[in-house]
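In: here is the input, now give the coordinates:
(2 chains)
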Amino acid sequence: MSETIISIQDLSKSFGDHEVLRKIDIDVHVGEIICIVGSSGSGKSTLLRCINKLERQTSGKIMFYGKEIRDAQKEINEYRSKVGMVFQSFNLFNNMTVLENCMLCTRKVLHLPKAEAFDRAITHLKAVGMAPFINAKPAQLSGGQKQRVAIARSLCMNPEVLLFDEPTSALDPEMVGEVLNVMKQLATTGLTMVIVTHEMAFARDVSTRTIFMDRGYVAEDAPPSELFSNPKNPRTREFLSRYLAG
Amino acid sequence: MLNLFSIENPEKSWEWMIFLAKKYSDMFWEGTKLTLFIAILGTLLGFVLGYVVGIIQDAKINQGDNIIKKLFVRLLKIIASIYVEIFRDTPMIVQAMIIYFGIRMQAHIDITPVSAGILVTVLNTGAYMAETVRGGIGSIDLGQREGAWAMGMSPMKTMLYIVLPQAFKNIIPEMANTFLTNLKMTSVLNVIAVQELFMAAKTVGGNYYKYFESYLVIAVIYFVLCFAFNKVFIYIEKKMQGKNDYALAVEYMDNQ
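Out: Predicted coordinates for the structure are as follows:
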């Protein structure tokens, strides 16, 4: 097994009395494409937000290359610049053009020279087919286009891992296709990805490992070939039954 | 034909208005300039103060930071809310008296009425603007911030590059409103002997015992100023909305 990038150890998260994550242990290795599936409210998105420190865990640790990420703002910023995140609602900066969106953080966080930041932005925008739209504002783009820009924007940071929080849930079926194609393309580049998704076919075909979450637990963690054809956990079987039958 | 500008023996009110406006045009002009000066400078500095205080009030205390930083942020937040409460809950005319006489009599600093007047305007504007800015920041979707945080941008830079530019656009109408209010509120500064428009009218009116006519003159001046500025602000607001279209970057059309 290749090197571990992120190690989630004994992670729990509660909102008040409501326990959302219960003692999660997951190791993310270099080059893995992990899809996290499960019903709504099972804690998938919260887990992803905890990995990126957008939520503070109640207990447990997040390790990055063997080093614990503590809660000091500086340490968190440094860590986040290496762990990209793509959101369900895109979160493109509304006050900036597509190009400015892709250059802001490479300039202000990584302090790259302008020319290099520009080259990176154009390279990644071309890869997602959005280069002609560099002058557009987010409000002038369709959902699928926005999500492709958001992916390019994250890639500009050269992240070690890219997290996807239901990247296609806010899109219509046609746009889902264009975003999934970009993600499939990305999967072939060897980038490590953790993807929370409801797209079962995508999870089955693209992931190297699929995690099924249920009521805050990791119910099953297996290669997709096993999880989708022969689920061990009864809850997994129940959840997938409609999909498997169809 | 009646020559409007050569009324020697005014009888009717409107004749008195023209007579007074003409005879004391220098005084009204000086008053207008001072009113504008205090309103513009006081509002601009007040906006800066309001942004700073608004940002402090919005700041979140990060539990993971060290104790000194946490205490410092908490202290700033307490000072900010005390300031805002005091200046929002007392009349400007009272603030003017307290600040002017406080500085002169208690601190023994020889402050001029104009400086004190600007100070009062700044502090007053700052308190109201802080609340406006806080509301403006609150109106920006949290996702905007999370998008920047997720790429390692610090909360301060996120505020500067992402949140404030968007909040600013949303609160332009409220900022225009504040300026117009200030333009009129400078009139209370006559209580600390600032020679602005209201003071001019009071002096002029006293000379002939024609207060009604004298105040009508400045009412017209205030109205014209506010009306003109309002039009300017509407123009700026339209300009800020930006273009609805964008140019396709044809050089990248082939996407290779």
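
In: residue A:211 contacts residue A:32, doesn't it?
Out: No: the pair residue A:211 and residue A:32 does not pass the contact test of Cβ atoms under 8 Å, sitting 10.9 Å apart. Just so you know, the C-beta spots here come from the backbone N, C-alpha and C atoms, and that holds for glycine as well.

In: ok, these two, which is more surrounded?
Out: For the pair residue A:211 and residue A:32, the greater number of neighbours falls to residue A:211 (23 against 19), based on other Cβ atoms under 10 Å in any protein chain shown.

In: Three-state assignment for the more buried one, please.
Out: Recorded secondary structure, residue A:211: strand (DSSP: H, G, I helix; E, B strand; the rest coil).

In: look up how far residue B:114 lies from it.
Out: 69 Å (Cβ to Cβ, to the nearest Å).

In: spit out the contact partners of residue 171.
Out: Just going to use chain A. A:143-144, A:147, A:179 (Cβ atoms under 8 Å, 6 or more residues apart in numbering or on different chains).

In: not quite, go with chain B.
Out: B:132-133, B:135-136.

In: just the pLDDT at it, thanks.
Out: Residue B:171 carries a pLDDT score of 91 in this model.

In: give me phi/psi at it?
Out: phi -100, psi 10 (degrees, to the nearest 10).

In: what about the nearest residue to residue A:53 once chain neighbours are set aside, neighbour count?
Out: Nearest residue to residue A:53 in three dimensions, chain neighbours excluded: residue A:76, at 4.9 Å (Cβ to Cβ, 6 or more residues apart in numbering or on different chains). Burial of residue A:76 is recorded as 21 neighbouring residues (other Cβ under 10 Å).

In: where does the stretch 1-150 of chain B come near chain A, residue by residue?
Out: Applying Cβ under 8 Å from any Cβ of the partner chain, one finds that the stretch 1-150 of chain B approaches chain A through B:62-66, B:143-144, B:146-150.

In: which of these are buried?
Out: For the residues of the stretch 1-150 of chain B next to chain A, a burial check counting by 16 or more other Cβ atoms under 10 Å in any protein chain shown picks out B:62, B:143-144, B:146-150.

In: can you put those in CSV and add secondary structure?
Out: Output for those, formatted as CSV (three-state DSSP):
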residue, secondary structure
B:62, coil
B:143, helix
B:144, helix
B:146, helix
B:147, helix
B:148, helix
B:149, helix
B:150, coil
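
In: got a list of contacts for stretch B:112-131?
Out: Residues contacting stretch B:112-131 (Cβ under 8 Å, 6+ apart): B:34, B:37-39, B:41-43, B:45-47, B:49-51, B:53-54, B:57, B:80, B:83-84, B:86-88, B:92, B:95-96, B:99-100, B:103, B:111, B:175, B:178, B:182, B:185-186, B:189, B:192-196.

In: can I have the buried ones of those residues as a ChimeraX selection?
Out: Selection of the buried residues among the contacts of stretch B:112-131 in ChimeraX, burial being defined by 16+ other Cβ under 10 Å:
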select /B:34,38,39,42,43,45,46,47,49,50,51,53,54,57,80,83,84,87,92,95,96,99,100,103,111,175,178,182,185,186,189,192,194,195,196
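
In: what about the contacts of stretch B:112-131, which are in helices?
Out: Here DSSP state H is the test, and the contacts of stretch B:112-131 give B:34, B:37-39, B:41-43, B:45-47, B:49-51, B:53-54, B:57, B:80, B:83-84, B:86-88, B:92, B:95-96, B:99-100, B:175, B:178, B:182, B:185 as lying in helices.

In: just how off-centre is the host helix or strand of residue A:48 within its chain?
Out: Assigned by DSSP states H and E, residue A:48 belongs to helix A:44-51. Here helix A:44-51 is found 9 Å from its chain centre; the criterion is Cα atoms, centre = their mean, to the nearest Å.

In: can you check stretch B:234-251 too?
Out: Using Cα atoms, centre = their mean, the offset of stretch B:234-251 from its chain centre is 28 Å.

In: list the buried ones in that stretch?
Out: B:246, B:249.

In: that stretch: end-to-end distance?
Out: 37 Å (Cα to Cα, to the nearest Å).

In: who touches that stretch?
Out: In contact with stretch B:234-251 (Cβ under 8 Å, 6+ apart) are residues A:97, A:131-137, A:140, B:169, B:172-173, B:176.

In: out of these, which are buried?
Out: A:97, A:131-137, A:140, B:169, B:172, B:176.

In: just these: which are in helices?
Out: B:169, B:172, B:176.

In: how about CSV for those residues, with distance to residue A:187 added?
Out: Below are these laid out as CSV (distance: Cβ to Cβ, whole Å):
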residue, distance to residue A:187
B:169, 39
B:172, 45
B:176, 52
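
In: which among those are in contact with chain A?
Out: Okay, of those touching chain A (Cβ under 8 Å from any Cβ), that's residue B:169.

In: tell me which of the ones in helices among the buried ones among the contacts of stretch B:234-251 is nearest to chain A?
Out: Of all those, chain A sits closest to residue B:169, with 7.6 Å by Cβ to the nearest Cβ.

In: measure that closest one to residue B:43 for me?
Out: 18 Å.

In: what's the closest residue to chain A within the stretch 51-200 of chain B sitting at in phi/psi?
Out: For the stretch 51-200 of chain B and chain A, the shortest gap (Cβ to the nearest Cβ) falls at residue B:64, measuring 2.1 Å. Here is the backbone geometry of residue B:64 (degrees, to the nearest 10): phi -80, psi -10.

In: and it, how far from residue B:116?
Out: Distance from residue B:64 to residue B:116, by Cβ to Cβ: 44 Å.

In: now do residue B:76
Out: In terms of Cβ to Cβ, residue B:76 sits 26 Å off from residue B:116.

In: quick one, which of the two is more surrounded?
Out: The residue with more neighbours, out of residue B:76 and residue B:116, is residue B:116; 22 against 16, by other Cβ under 10 Å.

In: the more buried one: which element?
Out: helix B:113-138.

In: buried set for that helix?
Out: Buried residues in helix B:113-138 (16+ other Cβ under 10 Å): B:113-114, B:116-134, B:136-137.

In: quick one on the thing from earlier: angle of the helix or strand harbouring the residue nearest to residue A:53 against helix A:44-51?
Out: Secondary structure assignment for residue A:76, by DSSP H and E: helix A:73-80. Interaxial angle, helix A:73-80 versus helix A:44-51 (axes from the mean of the first three to the mean of the last three Cα atoms, to 10 degrees): 120 degrees.

In: contacting residues around helix A:73-80?
Out: By Cβ under 8 Å, 6+ apart, helix A:73-80 touches A:52-53, A:64, A:69, A:109, B:62, B:64-65, B:149-155.

In: repeat for stretch A:211-223
Out: A:19-26, A:34-39, A:42-44, A:47, A:208-210, A:227, A:231-233, A:235-236, A:239.

In: residues contacting residue B:134?
Out: Counting by Cβ under 8 Å, 6+ apart, the residues that residue B:134 touches are B:54, B:57-58.

In: and the pLDDT for it?
Out: You'll see residue B:134 listed with a pLDDT of 93.

In: chain neighbours aside, what residue packs nearest to it?
Out: residue B:54 (4.7 Å).

In: quick one, helices of chain A?
Out: Under DSSP H, chain A gives helices at A:44-51, A:73-80, A:98-108, A:114-127, A:143-155, A:173-187, A:200-206, A:224-229, A:234-245.
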